[in-house]
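**Q** take a look and give me a structure for this.
(one chain, ligands or ions: 1)
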Amino acid sequence: MSSHYDVIVVGSGVLGTFHAYHAASFGKKVLLTEKDHYPIQATVRNFGQVVPSGMGSEWFNYGVRGTTIYKEIQSEFDISIRNNGSVYIASDEDEQRLIHELKSMMDSRGYECHLLTTDQCLQRWPVLSKDYCREALFFPQEVSAEPERMIFRLLEYASRKFENLTYKPSTTIIDCTVSGSTVEVVSHRKEKFTAEKVIVCNGGEFKLLFADLFRESGIVTSKLQMLRSAVMKEIPLEGNILTGLTIRRYESFQECPSFATTKTPEHLAELKKWGIHILFKKAADGSIIIGDSHEYADVAHTDDLGFTQNEYINRLMLEEASRIVTFDMNRIAASWSGFYPQHNEKDIVEIDIENKIHIRTAIGGKGMTTSAGYAEESIRKIYHTDDVE
Ligand SMILES: Cc1cc2nc3c(=O)[nH]c(=O)nc-3n(C[C@H](O)[C@H](O)[C@H](O)COP(=O)(O)OP(=O)(O)OC[C@H]3O[C@@H](n4cnc5c(N)ncnc54)[C@H](O)[C@@H]3O)c2cc1C
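**A** Numbers count the residues shown, from 1 in each chain. Below is the predicted model of the structure:
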């Protein structure tokens, strides 16, 4: 096997895999590497909610394009994409005003959405609490993925589809240097690869490559706590279910006229302090994923976030969840922590070294929604052309 490639992608999370996918579909000879036996970071620990409706305006387009790409792939090969829509449930007047404002914004973009009354919501999701659900905004075209399955199926699909794509898991890249007109890449086994370009999609791994650069980058790591219920096939809760605190948090709502003057009611203050907003997603096996919370540390202090679960946060989440739905919140089968990097002033971190090494990381909490669309555009920009050959 030749060890020279057009492009080497470091990291096979959703962002790296879609960079490799699009580069391969543009005819490039691609090597995709992954340090672990298989991806185990944010890409498999998340909700799998694909929600362009929650994105700010520029990233909304990446989300919509990403949804189309997911649907196209799903029509050829099962990557676990289901089209059950997303719903934002408003629990008070302020949240109702925000969903009406978002509807106007989405109508002006021609993006399909419908307001639902309490009765219409209860008909569709009878386990919602009548007291909580005052009105909702439903996006029927949105999809979800099974995070523990999607990336593995996508890697399988891409490896079968593109003869020009090679996937090498268990291959940690420990050095990446521009040398003349190429980039030299070295693995932990001291294998050497060369390429015209290297794209580094390292997710939250900041110690192996460019450690000093990342320390100064302004990147912040977010730790999230997640819960999974026992299998509850009988509970009708299909789709991406997003609730009042999400309406008070997501970027699309931040662009609504009344967002800036919307106050946080007293009973939500403690939840907001821990970055909690309540989302539900019924997984394909019938369990229900419930989350999430957010705690933050800069790159130099990421280790201080720890790996344990703060039970107080889990209790706060379950208490709020039981105001929203009527089924038993005590049947929790698993809990875990997930981590993703983000930048408080940028939607993603893009660093280009000598126009040969292209770092793309810190996509934040929107990577499952936007990576497919963003990576397509990113490959075009890296090759400075609308028509990559
Ligand atoms: C709990 C949680 C819930 C979320 N929910 C959602 C959601 O519902 N919807 C949504 O859109 N987004 C969601 N997100 C965000 C989304 O999961 C992330 O944005 C996305 O997975 C980031 O993908 P990535 O490829 O950048 O990073 P990662 O998934 O971290 O992948 C990076 C990969 O690079 C590899 N790597 C790093 N360094 C090297 C090296 N030197 N050599 C080889 N390999 C290397 C790592 O092993 C890793 O596999 C959530 C995130 C979390 C944590």
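**Q** and Lys168, how far from Gly56?
**A** Noted for Lys168: a distance of 35 Å to Gly56, by C-beta to C-beta, to the nearest Å. Backbone N, C-alpha and C define where each C-beta goes, glycine included.
**Q** ugh, typo on my part, it should be Glu354
**A** Counting by C-beta to C-beta, the gap from Glu354 to Gly56 is 31 Å.
**Q** element containing whichever residue of the stretch 251-389 of the chain sits closest to the ligand?
**A** Proximity of the stretch 251-389 of the chain to the ligand (C-beta to the nearest ligand atom) peaks at Gly367, 2.1 Å away. In the assignment (DSSP states H and E), Gly367 maps to helix 367-382.
**Q** now find how far off-centre that helix is within its chain.
**A** 12 Å (C-alpha atoms, centre = their mean, to the nearest Å).
**Q** give the bridge partners for Leu116, please.
**A** Going by DSSP bridges, Leu116 is paired in beta bridges with Ala136.
**Q** correct me, but it touches Phe138?
**A** Yes: in this structure Leu116 lies within contact range of Phe138 using C-beta atoms under 8 Å: 5.4 Å.
**Q** shared neighbours of those two, anything?
**A** Listed contacts common to Leu116 and Phe138 are Val87; contacts here mean C-beta atoms under 8 Å, 6 or more residues apart in numbering.
**Q** just give the nearest non-adjacent residue to Ala90, would you?
**A** The spatial neighbour of Ala90 that comes closest, neighbours along the chain excluded (C-beta to C-beta, 6 or more residues apart in numbering), is Gln96 at 4.5 Å.
**Q** that neighbour in helix, strand or coil?
**A** Recorded secondary structure, Gln96: helix (DSSP: H, G, I helix; E, B strand; the rest coil).
**Q** for it, give me its contacts.
**A** Taking C-beta under 8 Å, 6+ apart as the criterion, Gln96 is in contact with Ala90, Arg134, Glu135.
**Q** with respect to the ligand, which of those is nearest?
**A** Of all these, Ala90 has the smallest distance to the ligand: 19.9 Å, by C-beta to the nearest ligand atom.
**Q** for the closest one, give its distance to Gly48.
**A** Going from Ala90 to Gly48 by C-beta to C-beta gives 23 Å.
**Q** cool, Arg249 as well?
**A** Distance, Arg249 to Gly48, by C-beta to C-beta: 19 Å.
**Q** who's more crowded, the two?
**A** A count of neighbours by other C-beta atoms under 10 Å puts Gly48 above the other of Arg249 and Gly48, at 24 against 17.
**Q** follow-up on the earlier one: of Glu354 and Gly56, who's got more company?
**A** Using other C-beta under 10 Å, the more surrounded residue of Glu354 and Gly56 is Gly56, with 15 against 7.
**Q** neighbours around the closest residue to the ligand within the stretch 151-300 of the chain, how many?
**A** The minimum distance from the stretch 151-300 of the chain to the ligand, using C-beta to the nearest ligand atom, falls at Gly203 (2.2 Å). Neighbour count of Gly203, defined by other C-beta under 10 Å: 22.
**Q** what residue in this structure is the furthest from its centre?
**A** What lies farthest from the middle of the chain is Gly180; by C-alpha atoms, centre = their mean that is 36.1 Å.
**Q** in the stretch 1-150 of the chain, what residue is nearest the ligand?
**A** Closest point on the stretch 1-150 of the chain to the ligand, by C-beta to the nearest ligand atom, is Gly13, at 2.1 Å.
**Q** for Val178, name its beta-bridge partners.
**A** Counting by DSSP bridges, Val178 is bridged to Val183.
**Q** list the contacts for it?
**A** If you count contacts by C-beta under 8 Å, 6+ apart, Val178 has them with Ile353, Glu354, Lys356, Ile357.
**Q** repeat that for Glu238.
**A** Asn84, Trp125, Lys282.
**Q** and the stretch 251-389 of the chain, which of its residues are near the ligand?
**A** Proximity of the stretch 251-389 of the chain to the ligand, by C-beta under 6 Å from any ligand atom, involves residues Asp292, Gly338, Phe339, Tyr340, Thr361, Ile363, Gly364, Gly365, Lys366, Gly367, Met368, Thr369.
**Q** got JSON lines for those residues, with neighbour count and pLDDT too?
**A** Formatted as JSON lines, those follow (neighbours: other C-beta atoms under 10 Å; pLDDT from 0 to 100):
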{"residue": "Asp292", "neighbour count": "24", "pLDDT": "96"}
{"residue": "Gly338", "neighbour count": "21", "pLDDT": "97"}
{"residue": "Phe339", "neighbour count": "18", "pLDDT": "97"}
{"residue": "Tyr340", "neighbour count": "25", "pLDDT": "98"}
{"residue": "Thr361", "neighbour count": "29", "pLDDT": "98"}
{"residue": "Ile363", "neighbour count": "28", "pLDDT": "98"}
{"residue": "Gly364", "neighbour count": "21", "pLDDT": "98"}
{"residue": "Gly365", "neighbour count": "21", "pLDDT": "97"}
{"residue": "Lys366", "neighbour count": "26", "pLDDT": "98"}
{"residue": "Gly367", "neighbour count": "25", "pLDDT": "98"}
{"residue": "Met368", "neighbour count": "27", "pLDDT": "98"}
{"residue": "Thr369", "neighbour count": "32", "pLDDT": "98"}
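**Q** what's the most distant pair in these?
**A** Asp292 and Thr361 (20.5 Å; C-beta to C-beta).
**Q** pLDDT weak spots in this structure?
**A** 1-2, 386-389 (pLDDT under 70).
**Q** can you tell me what sits against the longest helix along the chain?
**A** Of all the segments of type helix in the chain, defined by DSSP state H, the longest one is helix 57-76. With contact meaning C-beta under 8 Å, 6+ apart, helix 57-76 is reached by 18, 50-53, 55, 79, 81, 83, 109, 111, 141-143, 145, 154, 157, 251-252, 255, 347, 366, 369-374, 376-377.
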